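Enquirer: Sequence plus predicted model, see below.
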Amino acid sequence: MPTSALDRLIVRPARMEDVDVLVTFSAAMALETEGRRLNVDRLRRGTRGVFDSPTRGFYVVAELLQALSPGVIGQLLVTYEWSDWRDATFWWIQSLYVHPDWRRRGVYRRMHESILREARNRDDVCGVRLYVEAGNTGAQAAYRQTGLFPSSYRVLEEDFVFPNKMI
């Protein structure tokens, strides 16, 4: 991204009027990274559910301010995990998506830095985490460049909506 374009990139809290793009980006991310075609009605309800109940988390978007048509080019969702050991909350980065035309240009880095700044300025946040598909080595490299590294934990789950995949 040329410096002038990066200068026009803002990271801001998502608003209800961003729901359509959030749904579109989340559906694209699920198809691209996991080969899953999401039920769009369910996805829309889940996305709106974050706005309806802020205790679930919050979205941020990367928006490119252009003279004729400003546009959202990236998103991420932060959800919460309480840690009794730390007496604080981990912020989980989820539903991360950057439009393919804008990848590898610093968009995710700007969103990540914004989240880190906010998290570090709060006494009730003890860290930032995310999960990534085991085979998504490109994303893993990008995350390492922002200072995230594999933890000693593995995520295990029993998913009631999507059948579990054997690894």
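Expert: Looks like it arrived, so ask away. Numbers count the residues shown, from 1 in each chain.
Enquirer: Please look at residue 11 and residue 61 and confirm they touch.
Expert: Yes: checked against C-beta atoms under 8 Å, the pair residue 11 and residue 61 is within contact range at 7.3 Å. Where you see a C-beta, it was placed from the backbone N, CA and C, and this is true even at glycine.
Enquirer: how about low-confidence regions in the protein?
Expert: Applying pLDDT under 70 to the chain picks out residues 1-5, 67-70, 164-167.
Enquirer: how about the longest strand seen in it: buried residues?
Expert: Taking DSSP state E as the criterion, the chain has its longest strand at strand 71-83. For strand 71-83, the neighbour count (16 or more other C-beta atoms under 10 Å) marks 72, 73, 74, 75, 76, 77, 78, 79 as buried.
Enquirer: so what's the second one up against?
Expert: When contacts are counted by C-beta atoms under 8 Å, 6 or more residues apart in numbering, residue 73 touches 9, 62, 63, 64, 98, 99, 101, 102, 107.
Enquirer: how about the strands in the chain?
Expert: Using DSSP E, strands in the chain cover 9-13, 58-64, 71-83, 88-98, 125-130.
Enquirer: Pipe those into JSON lines and attach distance to residue 34 per row.
Expert: Shown next, in JSON lines, are the strands of the chain (distance: least, C-beta to C-beta, whole Å):
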{"stretch": "strand 9-13", "distance to residue 34": "25"}
{"stretch": "strand 58-64", "distance to residue 34": "20"}
{"stretch": "strand 71-83", "distance to residue 34": "16"}
{"stretch": "strand 88-98", "distance to residue 34": "12"}
{"stretch": "strand 125-130", "distance to residue 34": "15"}
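Enquirer: Which strands or helices does the longest helix along the chain pack on?
Expert: In terms of residue count, the longest helix belonging to the chain (DSSP state H) is helix 19-34. The contact analysis (3 or more C-beta pairs under 8 Å, 6 or more residues apart in numbering; DSSP states H and E) places helix 19-34 against helix 40-52, strand 58-64, strand 71-83, strand 88-98.
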